[in-house]
Every structure is written in C-alpha cells, then in structure tokens.
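Visitor: here is the input, now give the coordinates:
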Amino acid sequence: MHELHNYNLLYREEEREMIPLCADQGVGLIPWSPLARGLLARAGQEQHTTRQEGDGDRQRFLYGGPGDGDVLAKVAELAGERGVAPATLALAWLLHQPGMVAPIIGATKDGHVPDAVAAVDLELSKEELKALTKPYQPREISL
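Guide: As a prediction, the model looks like this:
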C-alpha cells in the first residue's frame, strides 16, 4: 500500500507519475484529503471556513487553481441530479479511479460517515466520470 498525498477532483497531480507507477507495480493506493479539505463536500455552498484561514499558503497552493470553480460546480450539479451529497459523489469518483483502496476521510460531524459509506455503492457512468474530470487544469510546477 502507498499513501497518496492530496488526491481528489481538485488536485490530481499524482496522475502524472505516482498512480501509473503504483498501478504498474501492483501497489494499492490510499488517497489523503479526498474531499480537498472539505471544499468538495461543500460544492455549491459557501466555501469560506476558519480552517482555510489557518491553512494559508498550503491551501492556496493545493486549491484555487484555474479550473477549480468549474469542478466544484460540476460536483454540485451532478450531486443534485443524483440526489446525493457532494461528498458522496466526490468520493464515488475517487473509488472509480484505478488502484484506489480506501480514502482517508476526516469525519468530524455525524453526517460525514453515512455520506462516505454511500459512495461505495454509487455507480457513476462513463459520461459522469468524464464530466467530473473535464474542467480540471493541471498545476504548473516550478522548480
């Protein structure tokens, strides 16, 4: 098993090298921050939280990319169409990705666990999966 740092609909940089390498070697992946520090769980709602203030530069580096607003809008739209929580939809997308074993969620409220569990049984169509990933814009990495 290999723990992926920050793999979710808003930050997919691990798709460049780490995920293909792990798939090639038969290594299962445990993604961290599958809901992008709660941003995906609140898709379609107010996004400002006290936690974001404390995260500062890290939050700005990971999230707030050029396509993030479009990704959040698509999550909110499809979650509404399917009648599920945005968190359920975002976690279901993650579970449809190759090599994913078990996302590490940070459940802090009563509703978080049922939303996460519901993702296991939520089947997404190829069209839905494509619609969720299409708005993403890779980050420019500067060395």
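Visitor: all helices of the chain, in order?
Guide: Secondary structure of the chain (DSSP state H): helices at 18-25, 50-62, 68-82, 86-95, 112-121, 126-133.
Visitor: most packed of those helices?
Guide: Compared across the helices of the chain, helix 86-95 shows the largest average neighbour count, a mean of 25 (mean count of other C-beta atoms under 10 Å). From N, CA and C alone the C-beta is placed, and that goes for glycine too.
Visitor: what residues does that one touch?
Guide: The contact list for helix 86-95 (C-beta atoms under 8 Å, 6 or more residues apart in numbering) reads 7-9, 31, 34-36, 40-44, 75-76, 78-79, 82, 84, 100, 103, 105, 112, 115-116, 118-120, 122-124, 129, 132-133.
Visitor: what does stretch 133-143 give?
Guide: Contact partners of stretch 133-143, identified using C-beta under 8 Å, 6+ apart, comprise 9-13, 16, 65-67, 70-71, 73-74, 93.
Visitor: using CSV, lay out these together with pLDDT and distance to R139.
Guide: Below are the contacts of stretch 133-143 laid out as CSV (pLDDT from 0 to 100; distance: C-beta to C-beta, whole Å):
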residue, pLDDT, distance to R139
L9, 96, 14
L10, 94, 10
Y11, 92, 8
R12, 93, 9
E13, 90, 6
R16, 90, 10
G65, 76, 6
P66, 81, 9
G67, 87, 10
D70, 94, 15
V71, 95, 13
A73, 95, 19
K74, 97, 19
W93, 98, 19
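Visitor: what is the nearest of the residues you listed to Q25?
Guide: Distance to Q25, by C-beta to C-beta, is smallest for R16 among these, at 16.0 Å.
Visitor: got the contact list for the closest one?
Guide: Contacts of R16 by C-beta under 8 Å, 6+ apart are P138.
Visitor: where does the prediction get shaky in the protein?
Guide: Where the chain drops to pLDDT under 70, the residues are 1-4, 46-61, 141-143.
Visitor: rerun that using 80 as the cut-off
Guide: In the predicted model, the chain carries pLDDT under 80 at residues 1-5, 44-65, 140-143.
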